[in-house]
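S.K.: prediction below, plus the sequence it came from.
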Amino acid sequence: MTKEERLQKQRERLAEMKLPEAELHKKGYQFIAGVDEVGRGPLAGPVVTAAVILPEDFDVLGVDDSKKLSEKRREELFDAIIDGCVAYGIGMESHETIDRINILQATKRAMKRALVDCEQKLIAARNEKIDYVLLDAVKLDGITRPQESYIHGDARVLAIAAASIVAKVTRDRMMVEYAKEYPWYAFEKNKGYGTAAHYEGIREHGTCPIHRMTFLKTIH
């Protein structure tokens, strides 16, 4: 495949992923927030969510489900999304909250926090509020805005894909910092997921203050 063919494929992909938001814009919705999470599966660290509102003319190629992208590409796209978005917000819940109320409820709480953060920035910048929410396979109770949930939304809807990248890069950077404080678990590489090196670190050094104890019942 030539470079031009690759670019054309990316342009077609971008146009396809913009369709759900384009339909909502036609109906009069202006500030559409895509929401996604990262970190539901790790043994350690927080669950992190992001809410992102993109302008209608957003044209950065390559935005996709963060899991499909290299770390280098995610970092590049993170900067492009932050620079080009209308507004974004971050939400997170700690390992303590995850242990207390379970990962699904913690994820939903973090998503609501991301929406609040995003809306506060939107109000500050434009004196406007979010008027529609797009989610990846989750429904949020208790929010007053209309919402729509997409299975594999991070691979189908541009704003959700953008949110997945922002959440992933944010959390990965946090885990790299945690690795400096707790160097025995290779957090800088595994980001808290249950790799062989991570389990070896637990066996040799026990758990650390950011481990999710409800995820480690087979060890403790």
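M.R.: Yep, that arrived.
S.K.: surely Asp59 touches Met17?
M.R.: No. Between Asp59 and Met17 there is no contact under CB atoms under 8 Å: 11.8 Å. Every residue, glycine included, has its C-beta placed from N, CA and C.
S.K.: so between the two, which is more surrounded?
M.R.: For Asp59 versus Met17, neighbours defined as other CB atoms under 10 Å are more numerous around Met17 (20 against 11).
S.K.: from Val60, how far off is the more buried one?
M.R.: Distance, Met17 to Val60, by CB to CB, to the nearest Å: 11 Å.
S.K.: also Thr107?
M.R.: 26 Å.
S.K.: point out where the chain drops to low pLDDT.
M.R.: Under the criterion pLDDT under 70, the flagged ranges of the chain are 218-220.
S.K.: is the nearest residue to Glu37 once chain neighbours are set aside in a bridge, and if so with what?
M.R.: In space, and not counting its chain neighbours, Glu37 is closest to Thr49: 4.5 Å by CB to CB, 6 or more residues apart in numbering. Using DSSP bridges, the bridge partners assigned to Thr49 are Glu37, Gly91.
S.K.: what is the burial count for Thr49?
M.R.: Neighbours of Thr49 (other CB under 10 Å): 33.
S.K.: so it touches Arg40, yeah?
M.R.: No. Thr49 sits out of contact with Arg40 when judged by CB under 8 Å, with a separation of 10.2 Å.
S.K.: shared neighbours, the two?
M.R.: Shared contacts of Thr49 and Arg40, defined by CB atoms under 8 Å, 6 or more residues apart in numbering, are found at Thr107.
S.K.: quick one, strands of the chain?
M.R.: Shown for the chain, the strands assigned by DSSP state E span residues 32-38, 47-53, 87-93, 132-136, 147-150.
S.K.: okay, Thr107 and Val60: which has more neighbours?
M.R.: Thr107 (23 against 18).
S.K.: residues near Ala167, how many?
M.R.: By other CB under 10 Å, neighbour count at Ala167 equals 31.
S.K.: what does Arg40 give?
M.R.: Arg40: 11 surrounding residues under other CB under 10 Å.
S.K.: what's the closest non-adjacent residue to it?
M.R.: Nearest-residue entry for Arg40: Ile103, 5.3 Å, with adjacent residues in sequence omitted and distances by CB to CB, 6+ apart.
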